[in-house]
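Chemist: One predicted model, sequence on top.
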Amino acid sequence: MLAVVAARATCDRGRSGAIIVYQQQIVATGYVGSPPGFPHCDDVGHELVNGHCVRTVHAEQNALASAARHGISVLGGTIYSTMTPCRTCAMLIITAGIDRVVAAYTYPGENGGHAILQKAGIFGGNVSPEELYAID
Ligand SMILES: [Zn+2]
Ligand SMILES: [Zn+2]
């Protein structure tokens, strides 16, 4: 399931996906992509600021936004993400009331997200991509 979601990402600097699960049910999914109505990196190229592409909404943010759009609570849920969340995503995840974060890879632009999740006590550890992609 996560592999399918991540494959939809529209920025090849990080084809990441995220799934939010609550009580064994997938309640929201997200992948790296531009906001609705905005052009995608795969079509128009990246928008780089300080070496990072800023055109896209991160997978975790898109999953949280998707839940918000559909009026679905993520309180007490688990988020499975291709990569460990960046600092902003980590803070949003905590604020949204997610209880646990599981990721396959360490985010290449790691900027403190991991430490914030650990401080909040919700980092559930890294798992192998195969294990992560087996979740459905
Ligand atoms: Zn991009
Ligand atoms: Zn992020």
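Modeler: That came in fine, so what should we check first? Ligands and ions are numbered 1, 2, ... in the order given.

Chemist: Ramachandran coordinates for the residue located most distally from the centre of the chain?
Modeler: Distance from the C-alpha centroid of the chain, by C-alpha atoms, centre = their mean, peaks at residue 44 (22.6 Å). With angles defined as degrees, to the nearest 10, residue 44 sits at phi -120, psi 0.

Chemist: What's the per-residue pLDDT of it here?
Modeler: Listed pLDDT for residue 44 reads 96.

Chemist: Please enumerate the strands of this structure.
Modeler: Using DSSP state E, the strands of the chain run over residues 17-22, 25-31, 48-49, 52-53, 78-83, 100-105, 123-126.

Chemist: List the buried residues for the second one?
Modeler: Buried residues in strand 25-31, defined by neighbour count with 16 or more other C-beta atoms under 10 Å: 26, 27, 28, 29, 30, 31. Placement of C-beta: from N, CA and C, glycine included.

Chemist: do stretch 46-56 as well
Modeler: Using 16+ other C-beta under 10 Å as the test for burial, stretch 46-56 gives 53, 55, 56.

Chemist: so what's the closest residue in space to the second one that isn't next to it in sequence up against?
Modeler: When you say that, I think you mean residue 55. The shortest distance from residue 55 to any non-neighbouring residue, by C-beta to C-beta, 6 or more residues apart in numbering, is to residue 47 (4.1 Å). Taking C-beta atoms under 8 Å, 6 or more residues apart in numbering, we find residue 47 in contact with 41, 53, 54, 55.
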